[in-house]
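Student: just the structure for this:
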Amino acid sequence: MARGKRTRDVRAKIDRDKVYPATDAVKFIKSAATTKFNETVEVAINLNVDPRHADQMVRGIVNLPNGTGKTLRIAVFAKGAKAEEAKAAGADIVGAEDLAEKVQGGVIEFDRCIASPDMMGIVGRLGKVLGPRGLMPNPKVGTVTPNIGEAVKSAKGGQVEFRVEKAGIIHAGIGKANFSETQILQNLKVFFEAVMRAKPSGAKGTYVKKLSVSTTMGPGVKIDPASLLAA
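Tutor: Alright, predicted model coming up:
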């Protein structure tokens, strides 16, 4: 009961229509994270883009200074020395034709997929399976690379890949509720700056329409983007 009352009290203090400074917003969401599990801190950015047009697609990858608090399962398509490099760097699954066969059969036991360039002939055939799940390796975000070991270590170390959805929204997990306010603010600022740098040539007018943060079970709080850049 105490937990429920605390949550209600916190939510009552939040004006859903108000735009808050970044520091206040982070303070609110942390105080509202009262579940028994360590909730994920999530960011949602509404962009003034239409991703159906190639010149308005927004995607990228960013290394968060404090990690995400989540351990990603990494799959790597590689052979020979590159496969050994992937294993040494901590990849969870490494393979080539055998891995492609499993994926084609619907066995997808990973959160991020990386491939060496010479494997794209095999990986390319998995587009219909990996694409809809946002797992298709892409050189633009560093998941098709000859630097396999470096890519695996980055992914394991808190790297976040983002891609705008059909409605023009980017969602991402940028930390955990047990992170300090400073850690969350740092991650949020770095993530937001990465999205700003990824602004496509076809974006017109106001690029960011709305920015909000929340925890898994908590309310969303709108943030003034200017306050975040000044944080």
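Student: need the phi and psi values for K210.
Tutor: phi -160, psi 140 (degrees, to the nearest 10).
Student: ignore what I typed, I meant T143.
Tutor: According to degrees, to the nearest 10, T143 has phi -100, psi 0.
Student: okay, the longest helix seen in the chain in CSV with CA atoms only?
Tutor: Taking DSSP state H as the criterion, the chain has its longest helix at helix 181-197. Output of helix 181-197 as CSV, limited to C-alpha atoms (Å, rounded to 0.1, in the frame of the first residue of the first chain):
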residue,chain,number,x,y,z
GLU,A,181,20.5,11.3,-11.7
THR,A,182,23.8,12.4,-13.1
GLN,A,183,24.4,9.1,-14.9
ILE,A,184,20.9,9.2,-16.5
LEU,A,185,21.4,12.9,-17.5
GLN,A,186,24.7,12.2,-19.1
ASN,A,187,23.4,9.2,-21.0
LEU,A,188,20.3,11.2,-22.1
LYS,A,189,22.3,14.1,-23.2
VAL,A,190,24.7,12.0,-25.3
PHE,A,191,21.8,10.0,-26.8
PHE,A,192,19.9,13.2,-27.7
GLU,A,193,23.0,14.8,-29.3
ALA,A,194,23.5,11.7,-31.4
VAL,A,195,20.0,12.0,-32.7
MET,A,196,20.5,15.6,-33.5
ARG,A,197,23.7,14.8,-35.4
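Student: who are the packing partners of it?
Tutor: Here helix 181-197 touches helix 22-32, strand 40-47, strand 59-63, strand 159-163, strand 169-176, strand 208-215, helix 225-230, going by 3 or more Cβ pairs under 8 Å, 6 or more residues apart in numbering; DSSP states H and E. For glycine as for every other residue, the C-beta is placed from the backbone atoms N, C-alpha and C.
Student: lowest-confidence stretch among these?
Tutor: Lowest mean pLDDT within the helices and strands packed on helix 181-197: helix 225-230, at a mean of 82.
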